[in-house]
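Visitor: turn this into a structure:
(one chain, ligands or ions: 1)
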Amino acid sequence: MSLFITFEGGEGCGKSVQAKTLYRRLLQSGIPALLTHEPGGTSLGNRISRCLKWTQNTDISPLTELLLFNASRAQLIDEVIQPNLKGGKTVICDRYADSTTAYQSYGRGLDLPTVKAINYAATGGLKADLTVLLDISAEEGLARKRARRQDRFEQEDIAFHQRVRKGYLKMAASEPKRWLVVDASQSRRKIAQIIWQRVSQLLSRQGD
Ligand code: TMP
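Guide: Residues are numbered from 1 along each chain as shown. Here you go, the predicted structure:
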């Protein structure tokens, strides 16, 4: 049996660093693992991702955005996630369907049941065994990213990012078994330790 672990959070929360750290630790422990990310992770998905993040001078409607993220996701599941889970690897995905609920529903304001239905269609109901939420205030997260060139999402106003954070916390509270909420203002080392503790628990339970 293999685990499916996803990382979530707002801008500048540090999830990509933590996803990589966990991936390395699994490999060092002799556990076959694969690290991927959304949007993208496949050749087609990377092209969709560029459109979503860097399109300028053309408005992308919220519904189009919802469908494009899910198109990229459906391809990633088919090409990468499912075959690797079936092959016995623990798959780590940097962002997954909860990002769409947080950004396109709580952030953009799309109807929640519609977003959930489209997510379900794209994922075929595949859910993570564990979702790590790196929680940080919108202000602190964006301040960490200020130096870099900003994509369409980073350019959104603070209220948008605050809604995204609230959405994440709401989702985590409604499914506490699946979510691990970690205060992302702690040191990288401390955060990695908290995550590893939970992952090792899950791995040892699988061995029972
Ligand atoms: P990242 O590579 O910085 O994680 O960028 C992806 C951006 O896309 C980030 O701002 C969050 C956003 N996003 C959505 O709005 N919906 C989604 O479903 C996903 C996967 C990402």
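Visitor: show the contacting residues for residue 194.
Guide: 180, 182, 186 (CB atoms under 8 Å, 6 or more residues apart in numbering). Just so you know, the C-beta spots here come from the backbone N, C-alpha and C atoms, and that holds for glycine as well.
Visitor: can you tell me which of those residues are buried?
Guide: Among the contacts of residue 194, those that count as buried by neighbour count (16 or more other CB atoms under 10 Å) are 180, 182.
Visitor: helices of the chain, start to end?
Guide: Under the criterion DSSP state H, helices of the chain are mapped to 15-28, 43-54, 62-76, 82-86, 97-100, 112-123, 138-145, 158-174, 188-207.
Visitor: what residues does this structure put near the ligand?
Guide: When proximity is defined by CB under 6 Å from any ligand atom, the chain lies next to the ligand at 11, 38, 39, 69, 95, 99, 100, 103, 104, 153.
Visitor: looking at those, which is nearest residue 176?
Guide: Within the residues of the chain next to the ligand, distances to residue 176 taken as CB to CB reach their minimum at residue 99, with 19.1 Å.
Visitor: what about the closest residue to that closest one other than its chain neighbours, distance to residue 18?
Guide: Setting aside the residues directly before and after it, residue 99 is nearest to residue 8 in space (CB to CB, 6 or more residues apart in numbering), at 6.1 Å. Distance check for residue 8 against residue 18: by CB to CB, to the nearest Å, it reads 11 Å.
Visitor: ok, residue 164 next?
Guide: In this view, residue 164 and residue 18 are 18 Å apart by CB to CB.
Visitor: for residue 157, same thing?
Guide: Relative to residue 18, residue 157 is positioned 27 Å away (criterion: CB to CB).
Visitor: neighbour count winner among the two?
Guide: Regarding residue 157 and residue 18, a neighbour count based on other CB atoms under 10 Å identifies residue 18 as having more, with 24 against 8.
Visitor: that one is in contact with residue 192, isn't it?
Guide: Yes - the pair residue 18 and residue 192 qualifies as a contact (CB atoms under 8 Å) at a distance of 6.3 Å.
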